[in-house]
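Q: predicted structure and sequence below. I'll ask about it afterward.
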Protein chains: 2
Amino acid sequence: MIRIALDAMGGDNAPRVEVEGAVQALRELPPAFRIQLVGRTADIEAALKAQGAASGGRDVDRSRLEIVEAPEVVGMGEKPLAAVKGKPRSSVAVGLGLQKKGESDAFISAGNTGAVMAAATLLLRLHEGVQRAAIGALFPTAVHPVLVLDGGATVDCDARELVGFAHLGSVYVRDVLDRTQPGVGLLNVGEEDEKGNAVVKEAHQLLTQTPGITYVGNVEGRDILAGQCKKGRIDVVVCDGFVGNVVLKFYESAGRMFMGMMKQAFPDVLGRPEAKQLFKFLDYSEYGGAPLLGVKGVVIICHGASPARAIVSAVRVAAQMVESHLDQDIGAEFAGGSAAR
Amino acid sequence: MIRIALDAMGGDNAPRVEVEGAVQALRELPPAFRIQLVGRTADIEAALKAQGAASGGRDVDRSRLEIVEAPEVVGMGEKPLAAVKGKPRSSVAVGLGLQKKGESDAFISAGNTGAVMAAATLLLRLHEGVQRAAIGALFPTAVHPVLVLDGGATVDCDARELVGFAHLGSVYVRDVLDRTQPGVGLLNVGEEDEKGNAVVKEAHQLLTQTPGITYVGNVEGRDILAGQCKKGRIDVVVCDGFVGNVVLKFYESAGRMFMGMMKQAFPDVLGRPEAKQLFKFLDYSEYGGAPLLGVKGVVIICHGASPARAIVSAVRVAAQMVESHLDQDIGAEFAGGSAAR
């Protein structure tokens, strides 16, 4: 049995969207999966009732859906650390607490990102050898999705931390995307050895000497979507959380802008299946949140504005993370593996 | 008379593309404009001859086209500073030298970016009060173009330097894009005061207290293309050259990727005028290079792969920069203006 805890109070439209996502996900996932909706029981029950009515009275399989009471809610505007410490009975703290106690296998939240990161680091702690957690943002490209990390967990990184991200990303891509020997690029302003700021230059030197990482060298902004550079295929792009966050948000908005322009220019093609496919590709809300890598356990952070289909995707990714034993593999990479050397 | 010097040996397809661009630009520009083609006279003459033949023998107006001999060429792979010091007779050094001597009003190059920056800083020097030069990259958006700087001249910036970029960008947008009170955003990972790395946090504090700048606050990656944030319209986005370079190159590649996907999905609409317009928008090679701001003079840096139409755009932008007295206005902003306080 695999149990996935879902912060029912997290997103902008909680708990409606979370409940809708949970119900849909259970229909898709094999019978061995359970979902734990964490939050205010009364609110969740009401949303479940509304959801049942909305889906024409189709019954929700309650045997696979557990409600875990958490009376407190962390608001989107609250300061992360204060919220985590001041609200031990919040849906975030209770949901992560389940995993800590061994009563859950994963935690998903569309709530206050900073609070989820802080709570996850405090409650689950980092794997031994991991210096900093990183948000892994999967960038859709025309060739293959590329994992960019850090997407915003750590805005100031030193070179060793960037090397740690290379390990975290490599394990994720091997386990969850099922690719062997993932190519890792270091995001930089040019491919030459001497390019970059001081931290990136040092990280480049370290990465060329790091065993266990298929390092393809410095990569530029344009190489991310190409999925390759001169030295090979790019599966993972490593950068600090400042750059990663900026590029991630920029990409989301570029997709939206392109969609808008296309809709205006070619209103007659919008009904075609190709248009639907293209829009699905460009619409970041289709993608299901980003894993917080480095903490002991499985944690996925979703956009506050996530629609139900994004929650479903996040549940699916969480399931893959659990089934592929990502958590154990990250532990092994840093404990006995090359990352610890 | 306005004289624009063009590095004829700079780009990947030099001097053919440069000569083609120069000839086209002269046809578009008013009679008062002259172009100085800087490079190996024999190569330029040969390209002019080929160009004349290619355009069906249409005569090039040689009275408005001067060739300035520069026997040395800086290669794309050369180390900037070494190239500048070791090749005083390169097209880059000679072209910038014309401006220094008062014999030219602007310099455009599609050559080695680092060498052009180094040579411009060494030969023309920075305006008094300017700490660092910045590349201003104009991002096309669905609303209005947004100037992002620095696009890669200075990869490590301190907070004061970022404030300097806010001034440089404001003057450029006022003069060349003809907008009054341009809104300046500071690129960050969130809009709240406490967001960002140490340098950006300090820059945010400084910018809120800077007179003469219409500061709209921290902006996120998604706000660039929106051209606005909660606090108002965004005309200028300030960031260090590392982040700016990554986002700029990423944007170019996203436009290319999106074009490719559209071509594949809707081959039947490609002949429509709307498609041509959209592709023109998305194709960064349509845009004419980026100004190097902060040096005394007018310098525009183009992509190595620039086609002739990008050279034409660059000449057009250089003409606007000269005609709007951008150089003098930057001098005034930093000398007597608020930037110097």
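A: Noted; the coordinates are in hand.
Q: from here on, just use CA atoms for contacts and neighbour counts.
A: Noted.
Q: okay, now the residue found closest to A:L187 once you drop the neighbours it is linked to in the chain: neighbour count?
A: Nearest non-adjacent residue to A:L187, counting by CA to CA, 6 or more residues apart in numbering or on different chains: A:V219, 5.0 Å away. Neighbourhood size, A:V219 [other CA atoms under 10 Å in any protein chain shown]: 25.
Q: which residues does A:V219 contact?
A: A:G185, A:L186, A:L187, A:N188, A:V189, A:G190, A:E191, A:C229, A:V237 (CA atoms under 8 Å, 6 or more residues apart in numbering or on different chains).
Q: which residues in chain A form strands?
A: A:2-7, A:33-39, A:65-69, A:106-109, A:134-135, A:137-139, A:146-149, A:183-187, A:214-219, A:228-229, A:232-233, A:236-238, A:290-293, A:299-301 (DSSP state E).
Q: among the ones you listed, which is the most enclosed?
A: Each of the strands of chain A was assessed for mean neighbour count using mean count of other CA atoms under 10 Å in any protein chain shown. The highest is strand A:236-238, with a mean of 33.
Q: against which helices or strands is that strand packed?
A: strand A:146-149, helix A:159-175, strand A:183-187 (3 or more CA pairs under 8 Å, 6 or more residues apart in numbering or on different chains; DSSP states H and E).
Q: next one: A:H303 from A:M9, what distance?
A: 13 Å (CA to CA, to the nearest Å).
Q: more crowded one of these two?
A: Set side by side, A:H303 and A:M9 show more neighbours around A:M9, with 31 against 22, by other CA under 10 Å.
Q: what's the closest non-adjacent residue to the more buried one?
A: Per CA to CA, 6+ apart, closest to A:M9 is A:P15, 5.3 Å.
Q: swap in A:E194?
A: A:K201 is the one closest to A:E194 (CA to CA, 6+ apart), at 6.7 Å.
Q: OK, contacts around that neighbour?
A: A:D193, A:E194, A:K195.
Q: now the helices for chain A?
A: Remark: helices assigned in chain A by DSSP state H are A:16-28, A:41-54, A:80-86, A:91-100, A:113-123, A:159-175, A:198-208, A:221-226, A:241-265, A:273-282, A:308-323, A:326-335.
Q: from A:R179, how far out is the residue nearest to A:L187?
A: Taking CA to CA, one finds A:V219 at 20 Å from A:R179.
Q: quick one: contacts for the closest residue to A:A115 other than its chain neighbours?
A: Excluding its sequence neighbours, the residue lying closest to A:A115 (CA to CA, 6+ apart) is A:P80, at 4.0 Å. By CA under 8 Å, 6+ apart, the contact list for A:P80 reads A:N112, A:G114, A:A115, A:V116, A:A118.
Q: tell me how many other residues crowd the last one.
A: Pointing back at A:A118 there. Counted with other CA under 10 Å, residues neighbouring A:A118 total 19.
Q: what of the fourth one?
A: Other residues near A:V116 number 28, with proximity taken as other CA under 10 Å.
Q: which bits of chain A sit near chain B?
A: A:142, A:152, A:155-156, A:187-189, A:196-198, A:220-226, A:242-243, A:245-254, A:257-258, A:261, A:265-266, A:269, A:274-275, A:278 (CA under 8 Å from any CA of the partner chain).
Q: would you list the phi and psi of the residue of the stretch 1-150 of chain A found nearest chain B?
A: When distances are taken as CA to the nearest CA, the stretch 1-150 of chain A reaches nearest to chain B at A:A142, 7.0 Å away. When read as degrees, to the nearest 10, the backbone of A:A142 gives phi -70, psi -20.
Q: ok, it - contacts?
A: A:L225, A:A226, B:M257, B:M261.
Q: dump these to a markdown table, plus neighbour count.
A: Compiled in a markdown table, the contacts of A:A142 are given as follows (neighbours: other CA atoms under 10 Å in any protein chain shown):
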| residue | neighbour count |
| --- | --- |
| A:L225 | 22 |
| A:A226 | 20 |
| B:M257 | 17 |
| B:M261 | 15 |
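Q: remind me which residues of the stretch 151-300 of chain A are low pLDDT?
A: Counting by pLDDT under 70, the ranges of the stretch 151-300 of chain A that qualify are A:285.
Q: thinking again about what came up before, so how far is chain B from the residue nearest to A:E194?
A: 11 Å (CA to the nearest CA, to the nearest Å).
Q: for A:L162, see how far away that residue is.
A: 11 Å.
Q: next one: A:Q51
A: The spacing between A:Q51 and A:L162, counted by CA to CA, is 44 Å.
Q: those two: which has the busier surroundings?
A: Taking neighbours as other CA under 10 Å, A:Q51 and A:L162 compare with A:L162 leading, 28 against 20.
Q: what bridges to the residue minimising distance to the centre of chain A?
A: Nearest residue to the geometric centre of chain A (CA atoms, centre = their mean): A:A290, 1.1 Å. Partner residues in beta bridges with A:A290, using DSSP bridges, are A:I301.
Q: now do it against chain B, distance only.
A: 16 Å.
Q: quick one: buried ones out of the residues of chain A next to chain B?
A: A:152, A:155-156, A:187-189, A:196-197, A:220-226, A:242-243, A:245-254, A:257-258, A:265, A:269, A:274-275, A:278 (16 or more other CA atoms under 10 Å in any protein chain shown).
Q: and chain A, what are its domains?
A: A:2-130+A:294-334, A:155-244 (automatic domain parsing).
Q: start and end of the shortest one, how far apart?
A: Going back to what we said before, that points to domain A:155-244. Length of domain A:155-244, first residue to last, CA to CA: 9 Å.
Q: now stretch A:126-143
A: Span of stretch A:126-143 from end to end, CA to CA: 33 Å.
Q: repeat for stretch A:299-311
A: Separation of the first and last residues of stretch A:299-311 by CA to CA is 13 Å.
Q: again with stretch A:221-236
A: 13 Å.
Q: now stretch A:227-242
A: 21 Å.
Q: which other residues reach that stretch?
A: A:134, A:141, A:143-157, A:162, A:165-166, A:169-170, A:173, A:182-187, A:216-217, A:219, A:223-224, B:188-189, B:196-197.
Q: these two touch, right, A:V298 and A:S109?
A: No. With contact defined as CA atoms under 8 Å, A:V298 and A:S109 do not form a contacting pair (11.4 Å).
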